[in-house]
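In: Sequence and computational prediction follow.
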Amino acid sequence: MSVTRTEDEAAINAVLGATYQAWEANDADAFVAHYNEDATAILPGSLRDSREVIRATMAKGFEGPLKGSSTYNRQLSLRFLGDSAAIVVSESGILFAGESEVPDNRKINATWVLEKKDGAWHIAAYHNSAMLTPAH
């Protein structure tokens, strides 16, 4: 693997790590800091079609059912599509306040699409779906 790809992998993991930390802090503004303005997030039953819509939805969640929550994330793969795009697939789930493990029936498969612009990686799209069989 070239130095460039190693650096890109580290930068992508830093973007995702900052997003996970922002969730743990229940900080909607920090959560979307690395999202493109026109980012999309598709979750079962919903389409969030801009960074602002994602931010507003997360802010409402952090004030309500997601208050005090964090996330479990295990990266399954990271692959590049040319020089300026990458796809990360992960096993994830919400840890509600007081939980130390996500039950298997609440784990999801997630796909992150990242784009490199002006030398920095940004989240362009996110999608998740329920996991029928945990990937262990």
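Out: That came through fine. Numbers count the residues shown, from 1 in each chain.

In: Please tell me how far Gly17 sits from Trp23.
Out: 11 Å (Cβ to Cβ, to the nearest Å). Using the backbone N, CA and C atoms, a C-beta is placed for each residue, glycine as well.

In: between those two, who's got more neighbours?
Out: Higher neighbour count among Gly17 and Trp23: Trp23, with 22 against 11, using other Cβ atoms under 10 Å.

In: What segments of the chain are strands?
Out: Counting by DSSP state E, the chain has strands at residues 35-43, 46-48, 70-80, 85-95, 108-117, 120-130.

In: Going by neighbour count, which residues in the shortest one are buried?
Out: In this case it means strand 46-48. Across strand 46-48, burial judged by 16 or more other Cβ atoms under 10 Å covers Arg48.

In: Show residues contacting it.
Out: Here strand 46-48 makes contact (Cβ atoms under 8 Å, 6 or more residues apart in numbering) with 40-42, 54, 57.

In: before we move on, the earlier item: looking at the strands of the chain, which is closest to Gly61?
Out: Set against Gly61 and scored by Cβ to Cβ, the strands of the chain come closest in strand 85-95, at 9.7 Å.

In: for the record, mean pLDDT for that closest one?
Out: Model confidence over strand 85-95, given as mean pLDDT, is 98.

In: what comes into contact with it?
Out: For strand 85-95, contacts defined as Cβ under 8 Å, 6+ apart pick out 8, 12, 16, 66, 69-81, 101-103, 106-116, 121, 124, 128, 131, 134-135.

In: From those, keep the buried residues only.
Out: Neighbour counting with 16+ other Cβ under 10 Å marks 8, 12, 16, 66, 69-73, 78, 80, 102, 106-116, 121, 124, 128, 131 as buried within the contacts of strand 85-95.
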